[in-house]
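Asker: Model the structure of this input:
(chains A and B)
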Amino acid sequence: DQQVKQNSPSLSVQEGRISILNCDYTNSMFDYFLWYKKYPAEGPTFLISISSIKDKNEDGRFTVFLNKSAKHLSLHIVPSQPGDSAVYFCAASASGAGSYQLTFGKGTKLSVIP
Amino acid sequence: EAQVTQNPRYLITVTGKKLTVTCSQNMNHEYMSWYRQDPGLGLRQIYYSMNVEVTDKGDVPEGYKVSRKEKRNFPLILESPSPNQTSLYFCASSLSSGGYVYGYTFGSGTRLTVV
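Answerer: Coordinates of the predicted model:
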């Protein structure tokens, strides 16, 4: 059973507009969430994270929102740029002894059209 | 430069021929892990290691072995590769503290084809 779900395999957005990537999780023990960005032929790179004690974290053009009651998080990119075209993975971690793992979603491919 | 180095980047092998994919990190991270990426399946964890001589299975460990004799190295061993192990493999490392794994650093990937 998939614990981290990214239900949109792909998303196309016009340059300059907002990109919104969504992620849902089922494990209520998850309390730390991350977004990774992956270009072809490269490894994923860390983008932004959020702890469950917050509902929003911002870093430049990137903002992650967390809705714990809905078990939902989203990544907003404003304004979107062609260089943002990549696959974005949502990941989650649970604190506590032995929980040294990140569980990833399947990814969403973002295409920003010039 | 802080990095995770995997070798080789590309490998084509035949069924049953043992192979090792190496992974090394220079950040003194305790935690290391192997993932495979397959179309439509995302990133799935194979094995992970919390420190030297401490390893454990991830979600898809069948057909793989790992070892962690030194902190910096975490090789992935395929004793008898099969075509269903054709995939893109990523090694990752991270600091870990208080149960959290903070932001993995990934290697550039190894594209393995088993024929």
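Asker: What residues sit buried inside stretch B:31-41?
Answerer: Residues of stretch B:31-41 classed as buried by neighbour count (16 or more other CB atoms under 10 Å in any protein chain shown): B:31-37. For the C-beta atoms, the positions are set from N, CA and C on the backbone; glycine is no exception.
Asker: Format those residues as a markdown table; extra columns: distance to chain A.
Answerer: Formatted as a markdown table, those follow (distance: CB to the nearest CB, whole Å):
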| residue | distance to chain A |
| --- | --- |
| B:Tyr31 | 6 |
| B:Met32 | 10 |
| B:Ser33 | 8 |
| B:Trp34 | 12 |
| B:Tyr35 | 8 |
| B:Arg36 | 11 |
| B:Gln37 | 8 |
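Asker: Low-confidence bits of chain B, can you list those?
Answerer: Applying pLDDT under 70 to chain B flags the ranges B:97-102.
Asker: what does chain B put close to chain A?
Answerer: Within chain B, the positions lying close to chain A (CB under 8 Å from any CB of the partner chain) are B:4, B:31, B:33, B:35, B:40-45, B:48, B:50, B:58, B:90, B:92, B:96, B:98-101, B:103-109.
Asker: end-to-end on stretch A:73-93?
Answerer: 13 Å (CA to CA, to the nearest Å).
Asker: Give me the distance from the one helix or strand B:Ser93 maps to to the chain's centre.
Answerer: Assigned by DSSP states H and E, B:Ser93 belongs to strand B:87-97. Centroid separation between strand B:87-97 and its chain, computed with CA atoms, centre = their mean, to the nearest Å, is 7 Å.
Asker: ok, now which ones touch the closest residue in space to A:Gln14 that isn't next to it in sequence?
Answerer: Nearest residue to A:Gln14, sequence neighbours excluded (CB to CB, 6 or more residues apart in numbering or on different chains): A:Ile113, at 5.5 Å. By CB atoms under 8 Å, 6 or more residues apart in numbering or on different chains, the contact set of A:Ile113 is A:12-15, A:82.
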